[in-house]
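Undergrad: got a structure for you, letters missing:
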């Protein structure tokens, strides 16, 4: 950031705050006037969960409620509000969660974020498809991201707070994919956080059974892993499973062998994330774990890809500014929306460039995971070569320490 009082600093702050203010005003006007579909379903779930049985037996505005009973319980207070007020309040909470996430991401990266940095980050983030779609649909992704990042930030600081891990547990109880961070904490040797997260997850599930026993039994026995109720082939689903469905010509062509593909992604991604965490690179570990969760899940809607935020900061921090700019442009434009996506025959099969564009978020996620995997495989070799060149063992150890994250810890704010 430019120094205080410099001409650049004097015009930068009004521009950043002005853009952010315009975006916030647009969000408020939009939320007050547009009846967002996903938020309506959330509100319906908040009403239906008290009736227990009908939560998963009746359609809400032509769609099924696909979250857990605990998630529906979370929306009970929201459902008690007038619809327009609830929509505006929900989107404002999501924007606040976005600003909070920007702060935590910068801190995990090793920076000391200022207000102008957070405001600029948030303003730029709101132009990304996963972020504005979350606001457009009234989705919960930014709130879940904030819960997960809180725990990661506390773990990275070595916090002794007994509730570390509760955020991940609550997020996983609402939407299952954040549960991958429980496994990550175990592999990163943060056992207490993993146990707290797992215990919180189980406790939230138990609360769901107490409030809605029949709905909970149905959900956990049959619906939690049923992707047929959510339109998995739709173009917004940027998971490997969805791409396979579209290329193969339908879900009927995808067998149980696909489970092995998901397991392979999980093993690779979590191994890389654990290595990064043990080297002190918690931003890299967080970004890889989030991306792995998207690649493992059969449903990764475009608005789930808010994990691009730590990925972009990671690329910038490590000097890959061109890659970061290209990634930002890709996730801002979201070119898959410009390919056929009206359930017609052109969506199915392999159509070369069209198919590649139609799965661009997925390809970006695979490229990121591949790059991070190769970087960790090359890392020890580079450190060893540097140690041999330096000669004395002490200096070699210092070189290895730098590769293990020392540069991150010493990075100036």
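TA: Great, that's in hand. Just so we're clear, the structure is a prediction, and the values are computed from it rather than from any experiment.
Undergrad: Please make it C-alpha for all contacts and neighbour counts, starting now.
TA: OK.
Undergrad: Going along the chain, name the strands of this structure.
TA: Applying DSSP state E to the chain gives no strands.
Undergrad: Quick check, central residue of it?
TA: residue 307 (3.4 Å; CA atoms, centre = their mean).
Undergrad: mind listing what that residue touches?
TA: The contact partners of residue 307, by CA atoms under 8 Å, 6 or more residues apart in numbering, come to 145, 287, 290, 291.
Undergrad: Also residue 68?
TA: With contacts defined as CA under 8 Å, 6+ apart, residue 68 is in contact with 173, 174, 175, 208, 216, 219, 224.
Undergrad: how close does the closest residue to residue 310 other than its chain neighbours get to residue 335?
TA: In space, and not counting its chain neighbours, residue 310 is closest to residue 287: 5.5 Å by CA to CA, 6 or more residues apart in numbering. Distance, residue 287 to residue 335, using CA to CA, to the nearest Å: 22 Å.
Undergrad: One more: residue 378?
TA: According to CA to CA, residue 378 and residue 335 sit 33 Å apart.
Undergrad: Comparing the two, which residue is more hemmed in?
TA: Per other CA atoms under 10 Å, whichever of residue 378 and residue 335 has more neighbours is residue 335, with 15 against 11.
Undergrad: Enumerate every residue touching that one.
TA: Taking CA under 8 Å, 6+ apart as the criterion, residue 335 is in contact with 357, 358, 360.
Undergrad: In helices only, show me those residues.
TA: Judged by DSSP state H, the contacts of residue 335 include 357, 358, 360 as members of helices.
Undergrad: Serialize those to a markdown table and add fields for pLDDT and distance to residue 42.
TA: Listed next are these as a markdown table, based on pLDDT from 0 to 100; distance: CA to CA, whole Å:
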| residue | pLDDT | distance to residue 42 |
| --- | --- | --- |
| 357 | 95 | 31 |
| 358 | 93 | 28 |
| 360 | 97 | 29 |
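Undergrad: Quick one: buried ones out of these?
TA: Among those, the ones that count as buried by 16 or more other CA atoms under 10 Å are 357, 358, 360.
Undergrad: right, and residue 33 touches residue 84 too?
TA: Yes. With contacts counted by CA atoms under 8 Å, residue 33 reaches residue 84, the gap being 7.4 Å.
Undergrad: The two: which is more packed in?
TA: Set residue 33 next to residue 84 and count neighbours by other CA under 10 Å: residue 84 wins out with 14 against 11.
Undergrad: which stretches of the stretch 51-200 of the chain form helices?
TA: In the stretch 51-200 of the chain, the helices defined using DSSP state H, counting those that start in this stretch lie at 69-74, 76-79, 83-108, 115-125, 129-137, 141-156, 166-174, 180-187, 191-211.
Undergrad: most tightly surrounded among those helices?
TA: For the helices of the stretch 51-200 of the chain, the largest average neighbour count (mean count of other CA atoms under 10 Å) is found in helix 166-174, namely a mean of 27.
Undergrad: Contacts for that one, please.
TA: Contacts of helix 166-174 (CA under 8 Å, 6+ apart): 67-68, 70-71, 144, 147-148, 150-151, 178-179, 181-182, 193, 196-202, 204-205.
Undergrad: Check residue 44 and give its pLDDT.
TA: At residue 44, the model reports a pLDDT of 94.
Undergrad: ok, it - contacts?
TA: Residue 44 makes contact with 60, 79, according to CA under 8 Å, 6+ apart.
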